[in-house]
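In: coordinates only, no sequence provided:
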């Protein structure tokens, strides 16, 4: 077990991407839904940094860069803007700020969502690496957010180990995180 | 239910991509196979626009642009040219004319084909959005065309709703289309 | 059955990508593991060409080009460097030397690995075509190498047929290779 980064501060960015929520036209339900699921999953102390922005590619990119480079978030999760509509640009923004794309996240999240709704194939959710941050696009709907986070979270603590980030632990009753033996 | 686009004209492009069929060396069986499956699936009135072109990237791109921008096709399906061989350039042409790629379509079509033949992993089928058109690459063989269309069609009417296209209905005995509640 | 390339020489490149193995700091176990599995699978006579290189993108690219263009390898398998860490650049190198990417290989290898470990989604393994060579990224660990090779090999002989390469046969007790009827 790599214990050298145990006890380091863990910051997690939660980025809600929605034209209407960012203008206060309606309440952001997705950001709070993410916080609630992360609170259930993560047993290490961690601090959320939440932002709400409109569906504008440049603004999303700047927010992701801010959360990764200035707030030192080990994990950044987004919600919204991953569909096929014209205003949906979250994957484009994510891809443009990441050095590496991890196709397995999108594949698994779509596979999990597909067991619930056939329109899961319309989701362009992806995940990637920027520096020491893992960025994961989640769906917009609270129920789908929970399914997707539970599906991919077992791999997230080890991914952050590989990025030399803090040592994250999970509540095994909710998520069994997995670290391969060396 | 979003009923505002009910009754609007529905045009569907069917693009057969084959050097030999385009030269009349052999008969195009794939285009007619697509028309037959679409006729079974779609219960709204619709009009097909069929083209046959050789495996030439520029020609395929021009045909896709024509069907999308000038013929106003809400859905364009292609057949042929998605393998690993040198002349197979349909995915390249599709990618180059689309603004968005929907990875879930390729994943699901390969997953479905993989239950029949292990060579399904050789298929580079993809789907994407150009303006208000959804473009979907189907395989070349009639039996595989049917499997793939039935697999992804449940999500297509809602996708076209999101692109602000016409309201498409399906025969529920063949395909249960799905529209999430708002 | 296309018998015209039966009996042609079959060369297979095995590229181990590891900073430490390339410096002799530890022994390469992955390259030999690949040779062993290929020996079990392939029943035609074939010759391996093995190389060990560090996790350096330019060096990996040059090795892949050498194996494809100068050694005429029909199949090139790599091991190592497909994770999310900074030094992992095998997929980048592979993508940059290939004309076509076959997404189905990565999808299927991750799906198979996912039945064993949830961290399979961190793997960025891909496969692609350069000229007449099929290049496949395998994982770094011997057990995972075997699972992935067995999963994708049924499609490999036909893929090499489509690239106009030699006719490869497999031991049906280990891998049932599949060639669709024309």
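Out: In hand now; what should we look at? Nothing here was measured: the structure is a model prediction, and the numbers come from that model. Numbering: from 1, shown residues only, chains lettered A, B, ... in the order given.
In: quick one: residues contacting the residue of chain A found nearest chain C.
Out: In chain A, the residue that lies nearest chain C is residue A:104 (3.2 Å; C-beta to the nearest C-beta). Yep, even glycine has a C-beta here, placed from its N, CA and C like the rest. Listed by C-beta atoms under 8 Å, 6 or more residues apart in numbering or on different chains, the contact set of residue A:104 reads C:110, C:114, C:120, C:121, C:122, C:123, C:124.
In: what helix or strand does it sit in?
Out: helix A:103-114 (DSSP states H and E).
In: next, the buried residues of the helix or strand bottoming out on mean pLDDT in chain A.
Out: Least confident helix or strand of chain A, by mean pLDDT, DSSP states H and E, is helix A:19-22 with a mean of 92. For helix A:19-22, burial by neighbour count (16 or more other C-beta atoms under 10 Å in any protein chain shown) applies to A:21, A:22.
In: okay, now the residue lying closest to residue A:126 once chain neighbours are set aside: neighbour count?
Out: Distance criterion C-beta to C-beta, 6 or more residues apart in numbering or on different chains; nearest residue to residue A:126, sequence neighbours excluded, is residue A:106 at 4.5 Å. Residues lying near residue A:106 (other C-beta atoms under 10 Å in any protein chain shown) number 26.
In: now stretch A:39-48: buried residues?
Out: Neighbour count says stretch A:39-48 has A:40, A:41, A:42, A:46, A:48 buried, by 16+ other C-beta under 10 Å.
In: other SSEs contacting the helix or strand that contains the last one?
Out: So that's residue A:48. Secondary-structure element containing residue A:48, defined by DSSP H and E: strand A:47-53. With contacts taken as 3 or more C-beta pairs under 8 Å, 6 or more residues apart in numbering or on different chains; DSSP states H and E, strand A:47-53 sits against strand A:11-17, helix A:19-22, helix A:30-41, helix A:57-65.
In: and the residue nearest the centre of chain A?
Out: Nearest residue to the geometric centre of chain A (C-alpha atoms, centre = their mean): residue A:77, 2.2 Å.
In: give me the pLDDT value at it.
Out: Per-residue confidence (pLDDT) for residue A:77: 98.
In: got the phi/psi numbers for residue A:78?
Out: Per-residue torsions, residue A:78: phi -110, psi 160 (degrees, to the nearest 10).
In: from what I see, it and residue A:136 are in contact.
Out: Yes: using C-beta atoms under 8 Å, residue A:78 makes contact with residue A:136 at a distance of 7.4 Å.
In: between these two, who's got more neighbours?
Out: Ranked by neighbour count (other C-beta under 10 Å), residue A:78 and residue A:136 place residue A:78 first, with 32 against 23.
In: tell me the contacts of that one?
Out: A:15, A:16, A:17, A:60, A:64, A:90, A:94, A:135, A:136, A:137, A:138.
In: again, but for residue A:152
Out: Contacts of residue A:152 by C-beta under 8 Å, 6+ apart are A:105, A:108, A:109, A:127, A:136, C:121.
In: ok, so of those, who is nearest residue C:146?
Out: residue C:121 (19.7 Å; C-beta to C-beta).
In: find the residue closest to the closest residue to chain B within chain A in space, skipping its chain neighbours.
Out: Among the residues of chain A, residue A:121 lies closest to chain B, at 3.2 Å counting by C-beta to the nearest C-beta. Counting by C-beta to C-beta, 6+ apart, residue A:121 lies nearest to residue B:104, which is 3.2 Å off, once chain neighbours are set aside.
In: how near is the residue of chain A closest to chain C to residue B:29?
Out: Note on residue A:104: its distance to residue B:29, by C-beta to C-beta, to the nearest Å, is 37 Å.
In: and what of residue A:123?
Out: 34 Å.
In: more neighbours, those two?
Out: Ranked by neighbour count (other C-beta under 10 Å), residue A:123 and residue B:29 place residue A:123 first, with 28 against 15.
In: doesn't residue A:139 make contact with the more buried one?
Out: Yes: with contact defined as C-beta under 8 Å, residue A:123 reaches residue A:139; the gap is 6.2 Å.
In: joint contacts of those two?
Out: Joint contacts of residue A:123 and residue A:139 (C-beta under 8 Å, 6+ apart) are A:82, A:109, A:113.
In: could those residues go into TSV alongside distance to residue B:52, neighbour count and pLDDT?
Out: As requested, these are exported to TSV (distance: C-beta to C-beta, whole Å; neighbours: other C-beta atoms under 10 Å in any protein chain shown; pLDDT from 0 to 100):
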residue	distance to residue B:52	neighbour count	pLDDT
A:82	35	24	98
A:109	38	28	98
A:113	37	24	97
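In: export these to CSV and tack on distance to chain C?
Out: Output for the shared contacts of residue A:123 and residue A:139, formatted as CSV (distance: C-beta to the nearest C-beta, whole Å):
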residue, distance to chain C
A:82, 17
A:109, 9
A:113, 15
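In: quick one: low-confidence residue ranges for chain A.
Out: For chain A, the stretches with pLDDT under 70 are A:1-4, A:182.
In: run the last query once more with 50
Out: A:1-2 (pLDDT under 50).
In: can you list the residues of it near chain B?
Out: Selection of chain A residues close to chain B by C-beta under 8 Å from any C-beta of the partner chain yields A:83-86, A:88, A:103, A:106-107, A:110-111, A:114, A:117-124, A:141.
In: among those, name the buried ones.
Out: Buried among these by 16+ other C-beta under 10 Å: A:83-85, A:88, A:103, A:106-107, A:110-111, A:114, A:117-124, A:141.
In: check contacts around the nearest residue to residue A:120 once chain neighbours are set aside.
Out: Spatial nearest neighbour of residue A:120, excluding adjacent residues (C-beta to C-beta, 6+ apart): residue A:113 at 3.5 Å. By C-beta under 8 Å, 6+ apart, the contact list for residue A:113 reads A:120, A:123, A:139, A:144, A:147, A:148.
In: the helix holding residue A:104 to helix B:103-114, inter-axis angle?
Out: 80 degrees (axes from the mean of the first three to the mean of the last three C-alpha atoms, to 10 degrees).
In: and the helix or strand that helix A:103-114 is followed by, what's buried?
Out: The first helix or strand that comes after helix A:103-114 along the chain, using DSSP H and E, is strand A:127-130. By 16+ other C-beta under 10 Å, the buried positions in strand A:127-130 come out as A:127, A:128, A:129, A:130.
In: could those go into a markdown table alongside distance to residue A:36?
Out: Output for these, formatted as a markdown table (distance: C-beta to C-beta, whole Å):
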| residue | distance to residue A:36 |
| --- | --- |
| A:127 | 21 |
| A:128 | 25 |
| A:129 | 26 |
| A:130 | 25 |
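In: how about the contacts of residue A:78 in TSV, adding distance to chain C?
Out: Supplementary listing: the contacts of residue A:78 in TSV, determined by distance: C-beta to the nearest C-beta, whole Å:
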residue	distance to chain C
A:15	20
A:16	24
A:17	23
A:60	21
A:64	17
A:90	19
A:94	15
A:135	11
A:136	10
A:137	14
A:138	14
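In: now residue A:132. Nearest residue, chain neighbours left out?
Out: Residue A:132 sits nearest to residue A:163 (C-beta to C-beta, 6+ apart), 4.7 Å away.
In: next one: phi and psi at that neighbour?
Out: phi -90, psi 10.
In: of all the residues in chain A, which ones are close to chain C?
Out: So far as C-beta under 8 Å from any C-beta goes, chain A lies against chain C at A:100-105, A:107-108, A:129, A:134, A:152, A:154-155, A:158-159, A:162-163, A:176, A:178-180.
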